[in-house]
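Trainee: missing the sequence, but the structure's below:
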């Protein structure tokens, strides 16, 4: 079974499919740093298959250069990550590159296409800041590029992932158009809004998962195995060492054994090393606000509203909207609030729950809340990495989706 990943980001969705035995034919991603992350992860899986993971761990431990690391990886594998924007100007050349990859690998048919266009244009937050509701944002029409891949490669099944805001953008007309174009391309489709927390991710993260299958196939939208558990968000935080704001543990040591959650979901294994435990700098005013927010949550289970802050701690005059701009990660609950790409801009919405640290989440902590394993290494500067994490499909959720897609293919 094979697949193509479009608008691939850091590869969270792809990770779930690889875990279910799917072979990636190509990843297409516009962002330079995300493409580098995809190549690093492709290298990891290659070395894992060839029992040479020590080369990978040497690289993420800074014991060898990226050039030396990638010299161990077949060039055709690295070239299967296509770092290009999908547009009317590039799509034919991308088709040609994918067809060349297919020919070299002896692949005659594509089983699955996965991915979702950048979702900021559909997000409710984004539209709240735009008087036109983002209706004229060109990103709203990237779904047409996705559909061109369906027409070109004719996969048996496809998975189209996006934020719930896509359902109501343009008063629902945009999503009606998405469905109509997909139907015209020859697919039966069904979309449902799913929450990552139902799959074992310790985060409330609602996403529209649209699944399509070729007309004539006797298939239906899959039933997913939803998870009940007693884990808490602290289970992904408790083994990591404390940090001061601005501190960088590019390579470090865990302070205790992994929690049952980390072990059961494969987020931390015996061979893992701690990397990218890096947090941003905070000024003393923000740290004082963080302290108030943490105490309020810990003692009263209440969220801090901006207009409740002492006047000397306020820097904005707006006391009527966006009052919840400071939010503590709920370590004592089964899931925390959604990690989004805005985490790259500031950490106020992702305050670490430990009052002794008074900082926002580190890169590794955010990645764990998104269910990325500790052996997943992100490329780029901190802000670029936070963006990759915030835009990703949680791998644990993706794994369950891919399992169901595998069963659908086996039923054909």
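Mentor: That came in fine, so what should we check first? These numbers come from a predicted model, not from an experiment. Numbers count the residues shown, from 1 in each chain.

Trainee: what residue ranges in the stretch 101-250 of the chain score low on pLDDT?
Mentor: For the stretch 101-250 of the chain, applying pLDDT under 70 flags the ranges 119-140.

Trainee: where exactly do the helices run in it?
Mentor: 124-128, 142-153, 173-184 (DSSP state H, counting those that start in this stretch).

Trainee: most tightly surrounded among those?
Mentor: helix 142-153 (a mean of 19; mean count of other C-beta atoms under 10 Å). C-betas here are computed from N, CA, C, even on glycine.

Trainee: how many degrees apart are that helix and helix 173-184 in direction?
Mentor: Angle between the axes of helix 142-153 and helix 173-184 is 10 degrees (criterion: axes from the mean of the first three to the mean of the last three C-alpha atoms, to 10 degrees).

Trainee: Which elements pack onto helix 142-153?
Mentor: Contacts defined by 3 or more C-beta pairs under 8 Å, 6 or more residues apart in numbering; DSSP states H and E place helix 142-153 against strand 2-6, helix 91-105, strand 112-115, strand 157-162, helix 173-184.

Trainee: okay if I get the ones you listed as a markdown table plus distance to residue 69?
Mentor: Formatted as a markdown table, the helices and strands packed on helix 142-153 follow (distance: least, C-beta to C-beta, whole Å):
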| stretch | distance to residue 69 |
| --- | --- |
| strand 2-6 | 22 |
| helix 91-105 | 22 |
| strand 112-115 | 27 |
| strand 157-162 | 30 |
| helix 173-184 | 40 |
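
Trainee: Out of these, the one nearest residue 392 is which?
Mentor: strand 157-162 (10.2 Å; C-beta to C-beta).

Trainee: Paired strands for that closest one, with orientation please.
Mentor: strand 112-115 (parallel), strand 206-214 (antiparallel) (DSSP bridges).

Trainee: hey, which of those is tucked in deepest?
Mentor: The most buried one of those (mean count of other C-beta under 10 Å) is strand 112-115, showing a mean of 25.

Trainee: got the contact list for the closest residue to residue 201 other than its chain neighbours?
Mentor: In space, residue 201 comes closest to residue 394 once its chain neighbours are excluded; the distance is 4.5 Å by C-beta to C-beta, 6 or more residues apart in numbering. Counting by C-beta atoms under 8 Å, 6 or more residues apart in numbering, residue 394 touches 12, 196, 199, 201, 203, 205, 370, 371, 372.

Trainee: Now compare those and name the two farthest from each other.
Mentor: 199 and 372 (14.2 Å).

Trainee: who has more neighbours, these two?
Mentor: Taking other C-beta atoms under 10 Å, residue 199 and residue 372 do not tie; residue 372 has more neighbours (24 against 21).

Trainee: in stretch 91-103, what's buried?
Mentor: Using 16 or more other C-beta atoms under 10 Å as the test for burial, stretch 91-103 gives 91, 94, 97, 98, 101, 102.

Trainee: just to revisit the earlier point, any chance of the contacts of residue 394 in CSV, with distance to residue 410 too?
Mentor: Output for the contacts of residue 394, formatted as CSV (distance: C-beta to C-beta, whole Å):
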residue, distance to residue 410
12, 24
196, 25
199, 21
201, 26
203, 30
205, 28
370, 29
371, 25
372, 28
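
Trainee: which of those residues lies closest to residue 386?
Mentor: Of the contacts of residue 394, the one sitting nearest to residue 386 (C-beta to C-beta) turns out to be residue 370, at 10.7 Å.

Trainee: For the closest one, give its distance to residue 167.
Mentor: Residue 370 sits 23 Å away from residue 167, taking C-beta to C-beta, to the nearest Å as the criterion.

Trainee: Settle it for me: which of those two has more neighbours?
Mentor: The neighbour count for residue 370 versus residue 167, taken as other C-beta under 10 Å, is higher for residue 370 (28 against 16).

Trainee: Which residue comes closest to that one once chain neighbours are left out?
Mentor: Distances taken as C-beta to C-beta, 6+ apart put residue 394 closest to residue 370, at 5.0 Å, once the chain neighbours are dropped.

Trainee: hmm, back to that, which one of the helices of the stretch 101-250 of the chain lies nearest to residue 4?
Mentor: Nearest of the helices of the stretch 101-250 of the chain (C-beta to C-beta): helix 142-153, 6.8 Å.

Trainee: what angle sits between the closest one and helix 91-105?
Mentor: Using the same axes, to 10 degrees: helix 142-153 against helix 91-105 is 40 degrees.

Trainee: Please list the residues outside helix 142-153 that contact it.
Mentor: Contacts for helix 142-153 (C-beta under 8 Å, 6+ apart): 4, 6-7, 86-88, 91, 95, 98, 110, 113, 115-118, 158, 160, 178, 181-182, 185-187, 212.

Trainee: Could you tell me how far it lies from the centre of the chain?
Mentor: In terms of C-alpha atoms, centre = their mean, to the nearest Å, the centre of helix 142-153 is found 22 Å from the chain centre.
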